[in-house]
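J.: sharing a model prediction with you, sequence too.
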Amino acid sequence: MPIKNIAIACQGGGSHAAFAAGALPVLLPQFRNAELATSQGRAKLADEAQDVLRLTGISGTSGGAISALLAWYGYLLGGPEAAKAGLERFWDANCAIAPGERLLNDIGQWAGSLSQVDLKLSPYLSPLREIETFATATWPMLTAMWPPLGSWIRGPYFQLRESIAPHVDFDLVGAIGDFCSIPQEIKRWQAIALEARMADTPPERERLQARQAAIEHDLRARLASGGWIAAWSKAHELAAGSLLRKWPSSKPLMPASTIRASVSGPTTSRSRWCASCSTARRSAARCARSWDCSPNSTATRNWPRPCWRTGGSRPGATWRCAPNPAPCGRPWPGRWA
């Protein structure tokens, strides 16, 4: 079962964006992401001689970016058919329907056919800057003040976010982005930890440790988005082949233990890597020893880094952490593996 990873880039601008909107519903059914997401599906595909296509990324520019977002969102929630339906709903709703919209569309096409020079205008300079301000801010305000104006040109017709919002849950998109960025944040933490070990002066070490604490706090917030996504997918009726429906409802895709093993620093009653339980850290053996952390405990070890306690953080605090009796039965060596 050879797997071929495919990424799609959607070009923007007029006919190119229209072509992308029509081509994506044809391309998406060719990908087997839903089957590859489960062991049963991979077993069924194991005997296939042809390449199994997996969609690994989709992006775009301008109108192509809108099509890419709608296709990805629909594909995630309901598969290729939902992606096709979402694309059709959006572009049908944003066609030139009202009289003023059709007139502007005809004038734009007529002016483009007369021009013998390819003009390059910036939306940050006059006259496009003033035109954009009127279309995206002034006109919606006028239609809100006097609704009959909306029959000529709809108020949100030129507002991008307001046009997309009925078709995409931006809270869900943000939560997925937060959760999927966790591995990258862990790599950032590890890079800063290496810098802290090589720091020459205590102030430099403290600065780097403060950055580590901020990343740890951010990681806990990002990890919580996994449960939010699971609750969202459970509350909505998704298609049987939906990729989002395969999101575990009881635990995040990346277990919390994986996060804690990657981002070091003592935590309240959580297992840590132990140098005494294995000959090498590479063996992935874990010590079941837990640590009780308290700012006032009479402990045997000073730990200068912020410590997680009941899910919170204490940036800048010095916590004294003492090991409980070692379940592994070996003496605590006084160091991390």
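T.: Happy to help now that I have it. Residues are numbered from 1 along each chain as shown.

J.: show me the shaky parts of this structure.
T.: 1, 115, 239-241, 245-337 (pLDDT under 70).

J.: which element, helix or strand, includes the residue nearest the centre of it?
T.: What sits nearest the mean C-alpha location of the chain, by Cα atoms, centre = their mean, is Gly177, with 0.9 Å. Element membership for Gly177, per DSSP states H and E: helix 170-180.

J.: check which element follows that helix along the chain.
T.: helix 182-198.

J.: just checking, what packs against that next one?
T.: helix 202-235, helix 256-262 (3 or more Cβ pairs under 8 Å, 6 or more residues apart in numbering; DSSP states H and E). No exception for glycine: its C-beta is placed from N, CA and C like everyone else's.

J.: run the last query once more with 6 Å
T.: Applying 3 or more Cβ pairs under 6 Å, 6 or more residues apart in numbering; DSSP states H and E, one finds that helix 182-198 makes contact with helix 202-235.

J.: which helices and strands does the helix it packs on pack with?
T.: helix 170-180, helix 182-198.

J.: just the buried residues of the first one, please?
T.: Which is helix 170-180. Leu172, Ala175, Ile176, Asp178, Phe179 (16 or more other Cβ atoms under 10 Å).

J.: would you map the helices across this structure?
T.: Secondary structure of the chain (DSSP state H): helices located at 15-27, 33-36, 39-45, 63-93, 99-114, 128-133, 139-145, 160-164, 170-180, 182-198, 202-235, 256-262.

J.: follow-up on the earlier one: can you list the helices and strands packed on helix 202-235 in a markdown table and add distance to Leu70?
T.: Shown next, in a markdown table, are the helices and strands packed on helix 202-235 (distance: least, Cβ to Cβ, whole Å):
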| stretch | distance to Leu70 |
| --- | --- |
| helix 170-180 | 11 |
| helix 182-198 | 25 |
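
J.: looking at the ones you listed, which is closest to Gly79?
T.: Ranking the helices and strands packed on helix 202-235 by distance to Gly79, with Cβ to Cβ as the measure, places helix 170-180 first at 16.5 Å.

J.: name the residues that touch that closest one?
T.: If you take Cβ atoms under 6 Å, 6 or more residues apart in numbering as the criterion, helix 170-180 is touched by Arg222, Ser225, Gly226, Trp228, Ile229, Trp232.

J.: then stretch 189-208?
T.: Residues contacting stretch 189-208 (Cβ under 6 Å, 6+ apart): Gln209, Arg211, Gln212, Ile215, Val263.

J.: tell me who's in contact with the third one.
T.: By Cβ under 6 Å, 6+ apart, the contact list for Gln212 reads Trp189, Ile192.

J.: burial of Pro123, as a residue count?
T.: Residues near Pro123, counting by other Cβ atoms under 10 Å, number 9.

J.: let me know whether it touches Glu132 as I believe.
T.: Yes - with contact defined as Cβ atoms under 6 Å, Pro123 reaches Glu132; the gap is 5.4 Å.

J.: which of the residues in stretch 154-173 are buried?
T.: Buried, per 16+ other Cβ under 10 Å, within stretch 154-173: Arg154, Gly155, Pro156, Tyr157, Phe158, Gln159, Ser163, Ile164, His167, Val168, Leu172.

J.: wait, I meant stretch 13-28
T.: In stretch 13-28, counting by 16+ other Cβ under 10 Å, buried: His16, Ala17, Ala20, Ala21, Leu24, Pro25, Leu27, Leu28.

J.: residues near the nearest residue in space to the first one that is not next to it in sequence, how many?
T.: Counting by Cβ to Cβ, 6 or more residues apart in numbering, Gly64 is the residue found nearest to His16 once chain neighbours are left out, at 6.6 Å. For Gly64, the neighbour count with other Cβ under 10 Å is 24.

J.: Gly64 reaches Phe19, doesn't it?
T.: No - in this structure, Gly64 is not within contact of Phe19 by Cβ under 6 Å, at 9.1 Å.

J.: rewinding a little: among the contacts of stretch 189-208, which one lies nearest to Thr136?
T.: Using Cβ to Cβ, the contacts of stretch 189-208 come closest to Thr136 at Ile215, 36.4 Å.

J.: look up how far Gly112 lies from the residue nearest to that closest one when sequence neighbours are not counted.
T.: The shortest distance from Ile215 to any non-neighbouring residue, by Cβ to Cβ, 6+ apart, is to Trp189 (4.7 Å). Distance, Trp189 to Gly112, using Cβ to Cβ, to the nearest Å: 52 Å.

J.: quick one: which of these two has more around it?
T.: Trp189 (23 against 11).

J.: returning to that earlier point: with distance to Glu101 as extra columns, can I get the buried residues of stretch 154-173 in a markdown table?
T.: Formatted as a markdown table, the buried residues of stretch 154-173 follow (distance: Cβ to Cβ, whole Å):
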| residue | distance to Glu101 |
| --- | --- |
| Arg154 | 7 |
| Gly155 | 12 |
| Pro156 | 12 |
| Tyr157 | 6 |
| Phe158 | 10 |
| Gln159 | 13 |
| Ser163 | 12 |
| Ile164 | 17 |
| His167 | 19 |
| Val168 | 22 |
| Leu172 | 30 |
